[in-house]
Structure formats: C-alpha cells, structure tokens
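In: Predicted coordinates and the sequence they were generated for:
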Amino acid sequence: MKFNLLKSDTETKARAGTISTDHGVIETPIFMPVGTVGSVKGVHQRELKNEINPDIILGNTYHLYLRPQTDILEKAGGLHKFMNWDRNILTDSGGYQVYSLSANRKIKEEGVKFKSHIDGSYHVFTPENVMEIQRSIGADIIMAFDECTPYPCDYNYAKRSMHMTHRWLDRCVEHLKKVPLKYGYNQSLFPIVQGSTYKDLRLQSAEYIAGIGADGNAIGGLSVGEPAEEMYAMTEVVTGILPEDKPRYLMGVGTPINILENIALGIDMFDCVMPTRNARNGMLFTAYGAINIKNEKWKDDFSPIDDMGITFVDTDYSKAYLRHLFSVNELLGKQIATIHNLGFYLWLVREARKHILAGDFLVWKNNMVKQMDNRL
C-alpha cells in the first residue's frame, strides 16, 4: 500500500491524498460505507458503484466470521468475489463488537471469549486467530485486534486496556508474518490507538502505534458516547503524533459535522453506520440540515429531496413521494433514503477534498458546519 500526500491545508491540519492498493486508488479524505455482513444495507452493488461510487467499503470481521463463516468465504475466493465487489475493502478487528457484547463476553490476556448473538454458542477471538480470519476474508486493509473501552471509563482500567491492546498488536504483527496471503494481492495492517479520553494515555498509545511503522494507523475508542469536544481533543492529540506520511483512520465517526471537524484535525478515513441506519428511520442528511421525512410538513412538498441534486435520487423523487413511501412502510423508501444519505456523505468528503486542494477549506468548512446544524 502506498499513501501519497498531495496537499496539506495551511490554516488547519486537513490533508488531501491518495491511498493506492492492489484494488485501486482511494482519494482522501474518504468516507467508507459500512457493509457489515458483505452488503451495504438496502443498496445493490450496482447502485453502490454507479451512484454512490465509493473507492472503499467496510466489512465486519465478527459478523462475517459467524455468517457466512470463513470456509465459505475461502471457497468463494474471498469477500471481494463473494459479494462481487472489485474495489477496496477494509475489515475491522471485531474489537468493537466484543465491546458491545459486554454482558456476553470475558476479556483475558489470551483473548476474548464471547457468546454469539445469533445462537448463543461460545467463541474465542485472539490476536492470532483474528489475523487468520481477516486473511480468509481477504480485505485490502485489516485491523489489529484491540479492546474498545466504554465511556466513561475509569483511568486505571483505560490504562490496563491500552497496554493490553499494545501487547495484542505485537502478537498480531508477529503472527501475520506466519500466515500467507490467500488470494494473490497484498493486505495492510493498521494498528489502533486507544486510551479513552485521557490525554496522557492517548499520547502514550499514539507514540507506541507510530513506532510500529505500519502502512496506516487508526484511532479507536471514540464516538462511544463522549461529548464531541472530547472526541476532537483526543483526535488532535493523536494526529499530532501519528506520522504525516501514513493515512489516519478515525473509526466509527460520525455525523457530517463530526467528519468535517475531524478532517480539519488531520483525519483521512472515516466509517459510520449513521447514514444508513438513520436513512432506514426516515432521517435524511442535506447540506442545509437534517430532514425527518416522516413529518407531516412534507406531505405535499413536491420539491426534490435535496435541491442541490447531490445524488441521482435527489432530483428523481420529491419529499412528498418519499414521505408517502415511509407512511405505507414501502421498502423502496428506505432504499431511496439510504442511497441519498450515502451519496451525501461521499459528496461531503469529496467537496472537502476539493477545497483542501483549492486552499479555501477552512472558510468552506465553517460555512458548511453552520448550514448543516439545522433541523429542516
């Protein structure tokens, strides 16, 4: 994998660059649609490629391990072939899902024993077998196994967890050397910075992760309930240490405003379920604020979903029609809303990139943040 930094903003830490892998070029900043189980919910791969057009999507190690299971993925030739996706894929480590299963898991130095949310069966994730699972899935970018701490988190727990995540990282790196590539293309391992919302821990973790010399680096354990200002403060601490010549991935973030503010702090890569999950509940993101399309006020509003025409669905369908689809529980409504939201997120990061390259990112970003901080 190669990262090419094209331009850094002079007034912020925002960057525009490219990540090159065996599955193509990723223009940064980038938002990665979440394809948890080998599918971006409600979107056909045809629409994903032709309308939303991301350079990379995300898959989930925990879910893919449970279903369809790695033997099926190996028989298919990896996740790319299984889901008919010829662009980049990133897989997370399963650490966040283990965190979310707090009532059904036990964390030890060796790894994590957890109960499947599907059938209650017990499984174990270790740094070693998570590397093997991600080899079998075959993503272009794979994540080191980590523990995602909750918020709020006791300082001593956060410290112990961070050091364990570092020890797990060392085991991931060593074991990956022993597990051959399966599908004829390269994979890049990203370690994950932890440390909750404690500045000294984030500094320690960022320094440790930077010392690994990986192809790229991730920041985890944020967007788990902490105030946005704490997220920004921790991000700024970490991006001040992580190497400038490697891409930086902020995991699980976030709202459109969160994304712009974190781009300004030097983040290159994002993912979040918010655009798809909120879409299925009738919440649309636009450049002028959020729309709850279920509200009666849209009942006879025949204007386009978004007058800017950011995605193809914006001009093809009216607000009134989309509200109607939700009111009668028609699945097409959720699909249209999902394509719109993902299209908007991709438009937003691409506009950010344009303004970084043009040299007027800060003025544009501040204006967009004001515009989007509305309920229409």
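Out: Structure's in. What do you need?
In: Report how many residues lie close to residue 149.
Out: 24 (other CB atoms under 10 Å). Backbone N, C-alpha and C define where each C-beta goes, glycine included.
In: Tell me how far it lies from residue 339.
Out: Separation of residue 149 from residue 339 (CB to CB, to the nearest Å): 35 Å.
In: Flag the shaky bits of the stretch 201-350 of the chain, pLDDT-wise.
Out: Within the stretch 201-350 of the chain, not a single segment meets pLDDT under 70.
In: Where does the record place the domain boundaries for the chain?
Out: Domain assignment for the chain by automatic domain parsing gives 2-272, 275-376.
In: Pick the most buried one from these.
Out: domain 2-272 (a mean of 19; mean count of other CB atoms under 10 Å).
In: Give me the distance between the two termini of that domain.
Out: Its first and final residues considered, domain 2-272 spans 24 Å by CA to CA, to the nearest Å.
In: what about that domain, distance to the chain center?
Out: Chain-centre distance of domain 2-272: 7 Å, with CA atoms, centre = their mean, to the nearest Å.
In: what's the answer for stretch 368-376, then?
Out: 22 Å.
In: Need the distance between the two termini of stretch 300-317.
Out: 13 Å.
In: Contacts for it next, please.
Out: 51-52, 284, 286-287, 291, 318-323, 336, 339-340, 343-344, 347 (CB atoms under 8 Å, 6 or more residues apart in numbering).
In: Please name the residues that touch residue 362.
Out: So residue 362 contacts 9, 11-12, 264 (CB under 8 Å, 6+ apart).
In: contact partners of stretch 319-339?
Out: Against stretch 319-339 from outside (CB under 8 Å, 6+ apart): 40-43, 47, 51-52, 275-276, 279-280, 282-284, 291, 293-295, 298-305, 311-313, 317.
In: What of stretch 224-235?
Out: Contacts for stretch 224-235 (CB under 8 Å, 6+ apart): 99, 148-152, 195, 197, 199, 202, 219, 222-223, 250, 252-254, 257-258, 261-262, 265-267.
In: my read is residue 6 is in a helix, agree?
Out: No. Under DSSP: H, G, I helix; E, B strand; the rest coil, residue 6 sits outside any helix and is assigned strand.
In: Could you list which residues are in contact with it?
Out: 15-18, 357.
In: Geometric centre of this structure: which residue is closest?
Out: What sits nearest the mean C-alpha location of the chain, by CA atoms, centre = their mean, is residue 271, with 1.8 Å.
In: From residue 265, how far off is residue 278?
Out: 24 Å.
In: which residues touch the residue nearest to the centre of the chain?
Out: 31-34, 58, 90, 251-253.
In: go on, residue 175?
Out: 127-128, 131-132.
In: Just flag the most distant two among the residues you listed.
Out: 127 and 132 (10.1 Å; CB to CB).
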